[in-house]
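> Sequence and predicted structure are below.
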Amino acid sequence: MNQDIIADIKRDHVIKLLNEGRRVDGRGFDEYREVSVEVGVNQRAEGSALVRLGGTRVMVGVKLAVGMPFPDMPDSGVLTTNAELIPLASPSFERGPPDEDTVELARVVDRAIRESGCIELEKLCIEEGELVWIVFIDLHPLDYDGNLFDACTLGAIAALKNTCMPKLEDGKVDYKTRTEEKLPVRDTPVEVTYCKIGGHILLDPCLEEEEVLDARLTVGYNEKGEIVAMQKGGSGTFTREEIVDIVRKGREKAEFLRQKIPG
Amino acid sequence: MKAGEPEEFIVDGRRLDGRKVDELRPLKIEAGVLKRADGSAYVEWGGNKVLAACYGPKEIHPRHEANPKRAVLRTYYSMAPFSVYERKRPGPDRRSMEISKVTRQALESVVFTHLYPMTAIDVFIEILQAQAGTRCAGITAASVALADAGIPMRDLVPACAAGKVGGHIVLDLFDIEDNYGEADLPVAIVPRTGEVCLMQMDGNLTQEEFEQAFELAVKGCMQVYEKQKEALKKAYEKRGEEQ
């Protein structure tokens, strides 16, 4: 009950500031927090990235394995995206099997990566119908300060672009020997999230905003600026005009994020 | 090209199932179809067959989930093992968890939960037969079930998808279009205000295509809305006659 009252007070506070044209952390309505992307941060992963988005910190690791292809795609590699909201990263995360927020995060990040076709999965076939590469993307938030969607998608694509194939011998992976060969990646999809609080539309909600938002909209764009993924969240609504406007202006923000990927 | 992909999706202005690009599959909605549920609905939408049941407001278990300010709305989307070509393992999977979540959020935008603090309102959606577009069929059925249970709401929530197949923007994709098409955009709205309470997308759309598909999906929702209202009126007429 106390938490509920505190949430109401916080919400009133956030909205009161917004009505004066201010955000809790002093940013402009259409402004990202400071973003940085580091790649190759983990020597055991075939590819990795560490993303900082304001106070949010996410490590993403890409691991490769070999296995059977899907029967309907016998000559294509397999992509698997998983998220883990470990209790280390926030007092609101709990141990145990993935809850719906964890599953949603993994699926929405997966959507942009998969639908953009950025990984050339057809090049990951080793023996048709028998053996293909399986790409595991593991999203691992370390410090949760809001907007995991954008941070994790950015980390995922940065880690993928950083991925080198391990050595393959007689159908077995030698993880200790990494080749020079890069994982074939041909596009750089990113996701941009706006939220709506008390009628105001804000880019990149921080934790305090995320806790009180009415609705959010995440849009994934490929390099050409085409829309490859969307997800609306929250129990509130958007007007049609708001949605069209968000999708339009998000494109330029996507380019801003893309520029943060090193190399 | 994937195995089984059709060469053309639209021939002489007609889709593979004979529809025009802006035409819904045949849609039938019936309210009050289950005896034990407080409210229920059955939706047949093309090859989709969906039941929804609403229980509540009722005592909440586990008790610690209770909210002193509003009812807790819980939605469960579930597919029967025999609802798809290849048997689906029973129980919740990642896809159904996500659909349950977005369905709940879509419905939360209309239900007056503040009227029933400390209670639960459960909505169960069971997909008995699937032919793509089951989340839209599920939300459509669920909001009729809520209304049938007499839960106060701002409005019904109709849902409908639009998408892109073979370069064409079309309404209400059926399974072949969904499997081999270029994009799918499910939308749910609050018709009286025109607000959007569910929106997802996967695939590839330019800004122009997106705006076109979005408009088409909203128009589709309005057609679904009419069927929802008809279904409720019929159910109440029937109840009136019985009394």
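In hand now; what should we look at? Numbering: from 1, shown residues only, chains lettered A, B, ... in the order given.
> show me where the chain has helices.
Using chain A here. A:2-19, A:100-115, A:148-161, A:207-210, A:240-258 (DSSP state H).
> that's the wrong chain, I wanted chain B
B:94-108, B:134-148, B:175-180, B:207-242.
> quick one, which of those helices is nearest to chain A?
helix B:94-108 (3.6 Å; CB to the nearest CB). Just so you know, the C-beta spots here come from the backbone N, C-alpha and C atoms, and that holds for glycine as well.
> right, quick check: that closest one against chain A, any contact?
Yes - Helix B:94-108 lies within reach of chain A by CB under 8 Å from any CB of the partner chain, at B:94, B:95, B:97, B:98, B:100, B:101, B:102, B:104, B:105, B:108.
> Run a quick neighbour tally on the third one.
Using other CB atoms under 10 Å in any protein chain shown as the criterion, residue B:97 is surrounded by 19 other residues.
> which parts of chain B sit against chain A?
Counting by CB under 8 Å from any CB, chain B sits next to chain A at B:2-3, B:67-69, B:94-95, B:97-98, B:100-102, B:104-105, B:108-109, B:185, B:190, B:193-207, B:210-211, B:214, B:218.
> near chain B, which residues of the stretch 51-200 of chain A?
Applying CB under 8 Å from any CB, we find that the stretch 51-200 of chain A lies next to chain B at A:72-73, A:98, A:100-101, A:103-104, A:106-107, A:111, A:114-116.
> tell me which of these is nearest to residue B:18?
Residue B:18 lies nearest to residue A:72 out of those, by CB to CB, at 26.2 Å.
> wait, the closest one sits on residue B:3?
Yes - contact criterion CB atoms under 8 Å: residue A:72 and residue B:3 qualify, at 6.4 Å.
> about what we covered before: just the buried members of the residues of helix B:94-108 next to chain A?
B:94, B:97, B:98, B:100, B:101, B:102, B:104, B:105, B:108 (16 or more other CB atoms under 10 Å in any protein chain shown).
> List the contacts of the second one.
With contact taken as CB atoms under 8 Å, 6 or more residues apart in numbering or on different chains, residue B:97 is in contact with A:100, A:103, A:104.
> Generate a PyMOL selection restricted to the buried subset of those residues.
In PyMOL, this line selects whichever of the contacts of residue B:97 come out buried by 16+ other CB under 10 Å:
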select buried, chain A and resi 100+103+104
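> any chance of the contacts of residue B:97 in a markdown table, plus pLDDT?
Below are the contacts of residue B:97 laid out as a markdown table (pLDDT from 0 to 100):
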| residue | pLDDT |
| --- | --- |
| A:100 | 96 |
| A:103 | 98 |
| A:104 | 98 |
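> Among the contacts of residue B:97, which one lies nearest to residue A:247?
Nearest to residue A:247 among the contacts of residue B:97, with distances taken as CB to CB, is residue A:104, at 19.7 Å.
> So what pairs up with residue A:194 in the strands?
residue A:203, residue A:217 (DSSP bridges).
> Can you give me the pLDDT of it?
On the pLDDT scale, residue A:194 is placed at 98.
> Show the contacting residues for it.
Applying CB under 8 Å, 6+ apart, we find residue A:194 in contact with A:201, A:202, A:203, A:204, A:216, A:217, A:246, A:250.
> Quickly name whichever of those residues is closest to residue A:60.
residue A:204 (18.1 Å).
> Find me the pLDDT at that closest one, would you?
For residue A:204, the model assigns a pLDDT of 98.
> now do residue B:1
pLDDT, read off for residue B:1, is 56.
> shouldn't residue B:150 be in contact with residue B:32?
No - applying CB under 8 Å, one finds residue B:150 not in contact with residue B:32, separated by 10.9 Å.
> Give me the common contacts of those two.
By CB under 8 Å, 6+ apart, the residues touching both residue B:150 and residue B:32 are residue B:39.
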